[in-house]
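Participant: next one to model:
(4 chains)
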4 protein chains.
Amino acid sequence: MIKAGIIGASGYTGGELLRLLVNHPDVKPELATSRSLAGKPVAGTHRHLEGFLDLRYENPDPEEIRARCDVVFVAVPHGTAMNYVPELLDDNTKVIDLSADYRLETSVFEKVYDLNHADPRTAVYGLVELHPEAAKEQLVANPGCFPTGAILSAAPLAAAGLIDMAIFDSKTGISGAGISPSGTSHYPNIAENIIPYKLTAHRHRAEIVQELNRLDGNLRNISFTPHVIPTIRGILTTAHIFTKEPLSTGDVQALYEEFYRDKPFVRLPGVPSLTAVRGSNFCDIGFEADAENNRVVVLSAIDNLVKGASGQAIQNMNLMFGLEETRGLWIPATAP
Amino acid sequence: MIKAGIIGASGYTGGELLRLLVNHPDVKPELATSRSLAGKPVAGTHRHLEGFLDLRYENPDPEEIRARCDVVFVAVPHGTAMNYVPELLDDNTKVIDLSADYRLETSVFEKVYDLNHADPRTAVYGLVELHPEAAKEQLVANPGCFPTGAILSAAPLAAAGLIDMAIFDSKTGISGAGISPSGTSHYPNIAENIIPYKLTAHRHRAEIVQELNRLDGNLRNISFTPHVIPTIRGILTTAHIFTKEPLSTGDVQALYEEFYRDKPFVRLPGVPSLTAVRGSNFCDIGFEADAENNRVVVLSAIDNLVKGASGQAIQNMNLMFGLEETRGLWIPATAP
Amino acid sequence: MIKAGIIGASGYTGGELLRLLVNHPDVKPELATSRSLAGKPVAGTHRHLEGFLDLRYENPDPEEIRARCDVVFVAVPHGTAMNYVPELLDDNTKVIDLSADYRLETSVFEKVYDLNHADPRTAVYGLVELHPEAAKEQLVANPGCFPTGAILSAAPLAAAGLIDMAIFDSKTGISGAGISPSGTSHYPNIAENIIPYKLTAHRHRAEIVQELNRLDGNLRNISFTPHVIPTIRGILTTAHIFTKEPLSTGDVQALYEEFYRDKPFVRLPGVPSLTAVRGSNFCDIGFEADAENNRVVVLSAIDNLVKGASGQAIQNMNLMFGLEETRGLWIPATAP
Amino acid sequence: MIKAGIIGASGYTGGELLRLLVNHPDVKPELATSRSLAGKPVAGTHRHLEGFLDLRYENPDPEEIRARCDVVFVAVPHGTAMNYVPELLDDNTKVIDLSADYRLETSVFEKVYDLNHADPRTAVYGLVELHPEAAKEQLVANPGCFPTGAILSAAPLAAAGLIDMAIFDSKTGISGAGISPSGTSHYPNIAENIIPYKLTAHRHRAEIVQELNRLDGNLRNISFTPHVIPTIRGILTTAHIFTKEPLSTGDVQALYEEFYRDKPFVRLPGVPSLTAVRGSNFCDIGFEADAENNRVVVLSAIDNLVKGASGQAIQNMNLMFGLEETRGLWIPATAP
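Facilitator: Numbers count the residues shown, from 1 in each chain, chains lettered A, B, ... in the order given. So this is what the prediction gives:
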């Protein structure tokens, strides 16, 4: 059994890693850290896990973590992860970082996050469908939630060199903002509402730009605007993609089928739905060509906590340990 | 024009008082206080009021408030109001207190709230349908939200001496918990959920007991259990009332029609709905007799911020100033 | 008093007209028609109106309607309205049609709706902020809900000739789909979800194209994609507007302030919120320039049933009868 | 592998059976019937199952179903199941009926459902925690959703002979009303609302009475009132139980711990939450004694589609095939 540790296990991504790992046939959750909750039972805060694990939160030093764990998931905020990662990595301990710290080229990271990087190095961007080379790494940078949906929605068109410009208009459930109450997550503010934010300058845009440019180095016009909708989980991205030449819906269908052949977690079911991916690791994609405007509307749906975070992290772990990509993750959505 | 002040105007009840007062034909909102927001425009926090008032939050002393206002609504927490009220009251200034401080007999208050009362005195309990004598008062204690719905649901049966025991199972929207984010109001916690709390010992029970005992001095068995449901506004109270003798639904209908004759804000529309009272000052009541168990199920629906707080406060103000009870309040619900 | 009739009064726009008209100081709701409910009390289906009107649904012939009404609101589906309107109009009876039948040039209408028009004629497009000439008309075509928010979001930039291309990504509450249950309105389908539909070919696009082209005859690239979000009321439109020259947020602010000077129902409060317009006739607009991409993100928020339908219809009525535009409509949102 | 068939597979309970069975290590979904959808892919309507099964809906005759299936789940409406069950049962085919047809004594069923029973016979009431003898049966009647939560909330007190009277005030998610759109499930009607219904005469009351009387033959005063709340899944039952003698919360705790010892799907986590059981087969129970009124408030939370229907059906299947009760069902909730 692979022994897994989670640094910062008391938040939503920590809870979701545990929800998925308790039923993973090859993994044993070995430790869950939390500074403020050390000593308390994990199922006391993640109450749905009552009966599934006896772990208590701990706060061990890096040496002990390395000694006890074969893999460590780092689920702490950006800017903090970079202080943990170098001390956790060694030949026997793989690290999957769910923060933003290793996703971007260092210079871009420092500019976008306005921080000096304490541990500048290159890591694979763990969007498995695009970066199977994660399999060979000790450290993988798990992608952001918005970029996962946005990049997957546009990748086949980018790889074909067909994109002239792309506007990603994304709608996320509020769990993406974390487990701590805030004005945005206050029910009377978000229920019966939709809250656009960081209209032109969300940090996740840099990931989208980086990854689409790996597919098409000439791609320039990429816009991203996120909104919070009154749902707990899920991100729907509406990608308005203007193409260099007119495409029919059939052209797009053929391109996407080819690109995502053998990618078990990408489905092309027509217009996608958050319901059909809720709690699961799928990215469902649909599209329709707008011939009049040389536009293709591409829609992608993911569960932000699964494919957008913890599920994808386990998908990376599977690869890194030579397991089948779907191991422990082949779970249908909880629908309706 | 009646000049009105609001002490503690930045919360939901303050906002709701202003929403209703800006269109009241006989009232001018004169001042809105907030310690932390003094100097800032009221419409900056109550953004739906943009264009309706130019007020800025202030923090004047009691003397100035008395001088500028004909009526003062006190919308601060219990335990705090008792420090403001005595300094605001004078022959020319009426006070309507929306806190719990003057609703109960002092000795009961001190026990239930575990506080010494800084200003022990008698005030009318401003449930207008039961206490028209509020018209003659300088100080009125505006009822709690849960008690408003619960008392109105049972009053006709209590007044007829028919109640053997009553269980009030109430379901409230989350706005009753106020404008500050909390674990309970955090969208992922309350959406797709229902949160029971203070199962046997909610403080509002004391108001229900007091008022029903004014109608039937022998009434003893009164239980109250509240829940929060994923709605912004509204309280539905399901009163399971066991009667001393079997009643038909027709008997109950006759009793309630008689009791609420000439009460413009009580309607008997069949099974009530939060939708049909949303944003309005109505209390809608329905019922069905369960002959087998000597039980009558009575349902009442109110908007907790209107009939359960600010609307009822204005209803009291209307009476206290000799206006028609419905003045400025005769507004249909915003449905759907 | 202006005597008002509503053709097709049992739906949401009918209910909303009545909700607003019962408190309009210059109007008396005179008749409400419904074929299937004739003889039944209006407040039996619009239960929030209990106590506000004694009307019963009727089904009179056009002659009687004309005789009894000074103004008739037509709230029947597109393709049906065109059969009523010509019989209702006369010198003494004004008509405001809430359907799509008179909004577009006839040839465009016939193509977009795939129908022969039974009553081809020109009518003013009653988006009051752009078409004050509605004041002089006997027939006004009330705008569609999506176009109202989309056109107002872009009009100042279009009028200034600054738009290169515009993508309107709109998110609507489900009440826009009407009072009849459907798969989309089924709670388990839309709650915790967002449903994109008619991705490239929604009929409302034709209204947006028509009206923006009245402001800038050279405007070509206009895209529109709607989504349903889990809210009852409200439309947020995110307009991604690519401009011919780079603009700062300050430039845009100046342009919009100037354009909407003296338009009481357009506010510029920063990032808008559905909450702040719920139940009201406002269109709140905010924006942010994205200098890197020559993009301006403009956001508009309306209540689809008020400014997007019945409120705007009454705003038109006010103009047509020489009343102040805000008469009976100067109501703040029911927030939270 | 156990070959399983589902009669009436296109609804929510059918979809939920399939969601759970596709990952059950000992079961193969063999056939899914639907008259209206015969020939269509199951994943075309249960879109979250895309990739998990290749089944198409069929409409075979009973003989074929018996030949192909080791177990048949009947998920058709009450009054219909009784026409299928006798033709499906044989020595090699077990049947689990999710309808109400075999839950009650025949004479009670006929009265409560106002139907003649086409197949009067005795079946075990498959509430596994109370009826382990289901293990030996060929036919099991799977309990109703409300009764599952209500009976489990009161069973320990009933078995101890301590109940004087019990009022079950239940709150259910709308998925309990099925996959077909209706007025109640119409988002504008149920969102921001709560809908009480069948206030005194819901048919599920008969199951509660029957089962609690099996534990305490003298129990008479049992009331049940259900409500629909704006959630997709889940039932919270608030049981107001008046006891023959005063009990402390500790007394109740001891009683419930003893009663539910070795029942893996009953947890006692304090105040329960729909979130912590969503998508799982647990029944979480909490309680608080109200000494003043000899009342105990007991709360139970289940997922109506899992423990209240399809999960419990699989729990029964596990027993009937000699598998561990938790086989294929030991899945934590999808929380948040």
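Participant: ok, which stretches of chain A are helices?
Facilitator: A:12-21, A:42-45, A:62-68, A:81-88, A:106-113, A:145-159, A:187-190, A:204-215, A:249-259, A:311-320 (DSSP state H).
Participant: and the angle for the longest one with helix A:204-215?
Facilitator: Interaxial angle of helix A:145-159 relative to helix A:204-215 (axes from the mean of the first three to the mean of the last three CA atoms, to 10 degrees): 30 degrees.
Participant: do helix A:145-159 and chain B meet at all?
Facilitator: No - using CB under 8 Å from any CB of the partner chain, helix A:145-159 stays clear of chain B, coming no nearer than 14.6 Å. Yep, even glycine has a C-beta here, placed from its N, CA and C like the rest.
Participant: for that helix, name the packing helices and strands.
Facilitator: strand A:163-172, helix A:204-215, strand A:221-228, strand A:235-243, helix A:249-259, strand A:283-290, strand A:295-302 (3 or more CB pairs under 8 Å, 6 or more residues apart in numbering or on different chains; DSSP states H and E).
Participant: next: the first one.
Facilitator: Judged by 3+ CB pairs under 8 Å, 6+ apart, helix A:12-21 is in contact with strand A:2-7, strand A:27-33, helix A:311-320.
Participant: so which elements touch the last one?
Facilitator: Using 3+ CB pairs under 8 Å, 6+ apart as the contact criterion, the neighbours of helix A:311-320 among helices and strands are helix A:12-21, strand A:71-74, strand A:94-97.
Participant: can you rerun that using 7 Å?
Facilitator: If contacts are counted by 3 or more CB pairs under 7 Å, 6 or more residues apart in numbering or on different chains; DSSP states H and E, helix A:311-320 sits against helix A:12-21, strand A:94-97.
Participant: which other residues reach that helix?
Facilitator: A:17, A:20, A:24, A:71, A:73, A:94, A:96, A:98, A:126, A:128, A:134-135, A:137, A:140, A:142-143, A:148, A:265, A:281, A:324-325, A:327-329 (CB atoms under 7 Å, 6 or more residues apart in numbering or on different chains).
Participant: change it to 6 Å
Facilitator: For helix A:311-320, contacts defined as CB atoms under 6 Å, 6 or more residues apart in numbering or on different chains pick out A:20, A:71, A:73, A:94, A:96, A:98, A:126, A:128, A:134-135, A:140, A:142, A:281, A:325, A:327, A:329.
Participant: now residue A:173: how far from chain B?
Facilitator: As defined by CB to the nearest CB, to the nearest Å, residue A:173 lies at a distance of 8 Å from chain B.
Participant: residue A:136 now?
Facilitator: 37 Å.
Participant: residue A:271 contacts residue A:286, correct?
Facilitator: Yes - between residue A:271 and residue A:286 there is a contact under CB atoms under 6 Å: 4.5 Å.
Participant: before we move on, back to that, now mean pLDDT too, for the helices of chain A, in TSV please.
Facilitator: Listed next are the helices of chain A as TSV, based on pLDDT from 0 to 100:
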stretch	mean pLDDT
helix A:12-21	98
helix A:42-45	97
helix A:62-68	97
helix A:81-88	96
helix A:106-113	97
helix A:145-159	98
helix A:187-190	98
helix A:204-215	98
helix A:249-259	98
helix A:311-320	98
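Participant: what residues does chain A have near chain D?
Facilitator: A:19, A:47-50, A:52, A:175, A:232, A:267, A:269, A:276, A:279, A:332-336 (CB under 6 Å from any CB of the partner chain).
Participant: circling back: make a ChimeraX selection of the buried ones in the contacts of helix A:311-320.
Facilitator: Of those, the buried ones go into a single ChimeraX selection, burial set by 16 or more other CB atoms under 10 Å in any protein chain shown:
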select /A:20,71,73,94,96,98,126,128,134,135,140,142,281,325,327,329
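Participant: pick the one among the contacts of helix A:311-320 closest to residue D:107.
Facilitator: When these are compared for distance to residue D:107 (CB to CB), residue A:20 comes out closest, at 49.4 Å.
Participant: ok, that closest one - contacts?
Facilitator: Contacts of residue A:20 by CB under 6 Å, 6+ apart are residue A:314.
Participant: neighbour-wise, which of residue A:271 and residue A:286 wins?
Facilitator: Ranked by neighbour count (other CB atoms under 10 Å in any protein chain shown), residue A:271 and residue A:286 place residue A:286 first, with 23 against 16.
Participant: for that one, give me its contacts.
Facilitator: Per CB under 6 Å, 6+ apart, neighbours of residue A:286: A:270, A:271, A:272, A:299.
Participant: among the helices and strands packed on helix A:12-21, which is nearest residue A:156?
Facilitator: Judging the helices and strands packed on helix A:12-21 by CB to CB, what sits closest to residue A:156 is helix A:311-320, at 18.8 Å.
Participant: send the alpha carbons of the closest one over as CSV?
Facilitator: The C-alpha trace of helix A:311-320 is given here as CSV (Å, rounded to 0.1, in the frame of the first residue of the first chain):
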residue,chain,number,x,y,z
GLY,A,311,-9.1,14.0,-8.1
GLN,A,312,-6.6,15.3,-10.6
ALA,A,313,-4.0,15.1,-7.8
ILE,A,314,-4.8,11.4,-7.4
GLN,A,315,-4.8,11.0,-11.1
ASN,A,316,-1.2,12.3,-11.1
MET,A,317,-0.3,10.1,-8.2
ASN,A,318,-1.6,7.1,-10.1
LEU,A,319,0.7,7.9,-13.0
MET,A,320,3.6,8.6,-10.7
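Participant: off-centre distance for that helix?
Facilitator: Chain-centre distance of helix A:311-320: 11 Å, with CA atoms, centre = their mean, to the nearest Å.
Participant: just stretch A:129-136 next, same as before
Facilitator: For stretch A:129-136, the distance to the chain centre is 15 Å (CA atoms, centre = their mean).
Participant: okay, how far is it across that stretch, tip to tip?
Facilitator: 15 Å (CA to CA, to the nearest Å).
Participant: buried sites along that stretch?
Facilitator: Residues A:129, A:130, A:131, A:134, A:135 are the ones in stretch A:129-136 that count as buried (16+ other CB under 10 Å).
Participant: same thing with stretch A:75-86?
Facilitator: Under 16+ other CB under 10 Å, the buried positions of stretch A:75-86 are A:75, A:76, A:78, A:79, A:81, A:82, A:84, A:85.
Participant: and which of those is nearest to chain C?
Facilitator: residue A:78 (22.2 Å; CB to the nearest CB).
Participant: now do the contacts for the closest one.
Facilitator: Taking CB under 6 Å, 6+ apart, one finds A:99, A:100, A:101 in contact with residue A:78.
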